[in-house]
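# no sequence on hand, only this structure:
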């Protein structure tokens, strides 16, 4: 309301008080919505299709009325031509708020009555703004909500030119803006391709969708849960604008965060016991019901929420947004002894051979990091990208999907139940490196990074961002470091181990000489991490298995020395895996050292499960003796370890992952 209007209103109230007459009650707050099918109200026979405008009232206090004028198929052009904007102009008054969201139909060139070229779109948005301002109402622009479209694990921008146009108009006219395109893209990226299905109209036959008896596959329009989530995003944006209406937005909006549908437009809070962002999810696998758990039957394929991965009964997945989760498993069988090994995501070792007696039940907890390739959208013309540039061999990887996947293995696996709860407050240990660090997808190759989680307790999550063939430079250009920096929080830790591929002069685009640019890149990583409150740790690269007489012939000496030098210069802890790996191989001797390596012992660089486990144990020992706070997160009872006295490879056992077609490591 303009200051002059407020002054007049105060004088009228004062005059009424002098006359002893009651002042009129303030007009109720109203929010008008001008939009399309993504926001409109739907009849009950169209359920579960829902619009965010229907659910927005669940985010507002009772003094606010929502006048939802959104209608399907309309653009700024058709909404105006049909007289709908005129009707808003007739009804809206001072003190009201007008939310304006278009773009889906403006971009539809196939329908002339809807299509609105961008310049015309901008002019018509200004017309909507003028209608509100002419009567003293508050206009708010919204960029168009995204569609559910993923490509290579990243959300595809749905209407970038129209979103940019709305941003320009907001800036030119000094109109408050809710950047719903960016908000919904980030939300969709967190949910992931699989996890986001339930928020859109994807139903087979009439199952859960009486309005679509033949079924529906629609990545534009929302289910009830999707409409609730989008309304929550808009409510949060509205609260942050600090407009008069903002104080009417509820701080807690449980009705919009339901994880099970209410069956309509109810604003009731979730019932007690419903899973939510803070409540654990429980799944029962043992015969009979497990108290408070969702029973999981053998053969229940992943359905977009949970289930076994197709073709592999060892892999159980739950759709979850990216983040850290504490997983608590109950192990044991009433009738027989159990032997259970659990890996997570792409073969990250969590629990190794937990033995239980017949009738015994034990609980174990560990932390799992879940992520997608998506990055937050960058400003217009800013460098960067929408997602990590994954390599072809990462297609289908369990590491990069919005699911938490557990692999249950062992001679007699005895998994009774699984409880999963967000662990937002625990620190993350990020790993950056090459194929000797990465989560190798397929047996028999393994790397120390995927064995490392087994040596930490459930108070820390290991997020392995290493990949085969990577160098310090390529991890920058592939946006892997960007993903780490975007995910990291103060108090996190990052281990950096490169060298195998940086030394390859035959790779001119990523070659980094040890005495020059390699050191500069290390300093850059350290500076970027420290700027975000993350503690860097440098790790020298494990040696290759090349012999000169009875000793290993070093091939990475100059790179290991560069790491030590930069560590001393920058006062960064160094775990000297290079020197320790040499002691490890030489302790085995030339004839037995191949038992630690991949590909039937023909590979002299990459390790098998035994070699990877020993290297991870060496890294854990480096953490234990480092004096860093990270040492406090190691698993209790971890004894000192000497790489010159490794366990015998002939007696080492680790349950292998199920056989799946795979590839040999790309490069190193």
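Ah, there it is. The model shown is predicted, which means the values in this text are computed figures rather than measured ones.
# all helices for the stretch 451-600 of the chain, in order.
472-477, 480-487, 517-531, 557-570, 577-588 (DSSP state H, counting those that start in this stretch).
# out of those helices, the one nearest residue 645 is which?
helix 577-588 (6.6 Å; CB to CB). For the C-beta atoms, the positions are set from N, CA and C on the backbone; glycine is no exception.
# the very next helix or strand once past the closest one packs against which elements?
Counting by DSSP states H and E, the next helix or strand C-terminal to helix 577-588 is helix 609-624. Judged by 3 or more CB pairs under 8 Å, 6 or more residues apart in numbering; DSSP states H and E, the packing partners of helix 609-624 are helix 448-451, strand 573-575, helix 577-588.
# got the angle for the longest one vs helix 557-570?
I take that to be helix 577-588. 130 degrees (axes from the mean of the first three to the mean of the last three CA atoms, to 10 degrees).
# ok, residues contacting helix 577-588?
448, 497, 539-543, 545, 550-552, 554, 556, 560, 593, 595-596, 614-615, 618-619, 622, 643-646, 649 (CB atoms under 8 Å, 6 or more residues apart in numbering).
# re earlier: out of the helices of the stretch 451-600 of the chain, which gets nearest to residue 341?
Judging the helices of the stretch 451-600 of the chain by CB to CB, what sits closest to residue 341 is helix 577-588, at 23.3 Å.
# now the closest one, how far from the centre of its chain.
37 Å (CA atoms, centre = their mean, to the nearest Å).
# got it, and stretch 449-466?
17 Å.
# ok, back up a step: buried ones among the contacts of helix 577-588?
448, 497, 539-543, 545, 552, 554, 556, 560, 593, 596, 614-615, 618-619, 622, 643, 646, 649 (16 or more other CB atoms under 10 Å).
# got the buried residues for stretch 509-518?
For stretch 509-518, by 16+ other CB under 10 Å, it's 510-512, 514, 518.
# farthest-apart pair in the residues you listed, please.
510 and 514 (13.7 Å).
# give the contact list for the nearest residue to residue 420 once chain neighbours are set aside.
In this structure, residue 420 finds its nearest non-sequential neighbour in residue 281, 4.7 Å apart by CB to CB, 6 or more residues apart in numbering. Residue 281 makes contacts with 275, 294, 318, 419-421, as judged by CB under 8 Å, 6+ apart.
# thinking again about what came up before, ok, of the buried residues of stretch 509-518, which one's closest to residue 211?
Of the buried residues of stretch 509-518, the one sitting nearest to residue 211 (CB to CB) turns out to be residue 510, at 53.9 Å.
# how near is that closest one to residue 477?
8 Å (CB to CB, to the nearest Å).
# do the same with residue 35
Distance from residue 35 to residue 477, by CB to CB: 40 Å.
# so between these two, which is more surrounded?
Between residue 35 and residue 477, residue 35 has the larger neighbour count (other CB atoms under 10 Å), namely 26 against 14.
# ok, and the closest non-adjacent residue to that one?
residue 70 (3.8 Å).
# the one you found and residue 31 touch, don't they?
No: with contacts counted by CB atoms under 8 Å, residue 70 stays clear of residue 31, the gap being 11.7 Å.
# just give me the residue closest to the centre of the chain.
Central residue of the chain (CA atoms, centre = their mean): residue 322, 2.5 Å from the mean position.
# residues in contact with it?
189-190, 192, 370-372, 402, 487.
# where does this protein have low pLDDT?
1-28, 205-208, 272-279, 287-291, 659-668 (pLDDT under 70).
# 50 instead, please
1-25, 275-278, 661-668 (pLDDT under 50).
# give me phi/psi at residue 244?
phi -50, psi -40 (degrees, to the nearest 10).
# so where do the strands sit in the stretch 301-450 of the chain?
306-308, 315-319, 323-331, 338-344, 348-356, 362-370, 403-412, 415-422, 428-433 (DSSP state E, counting those that start in this stretch).
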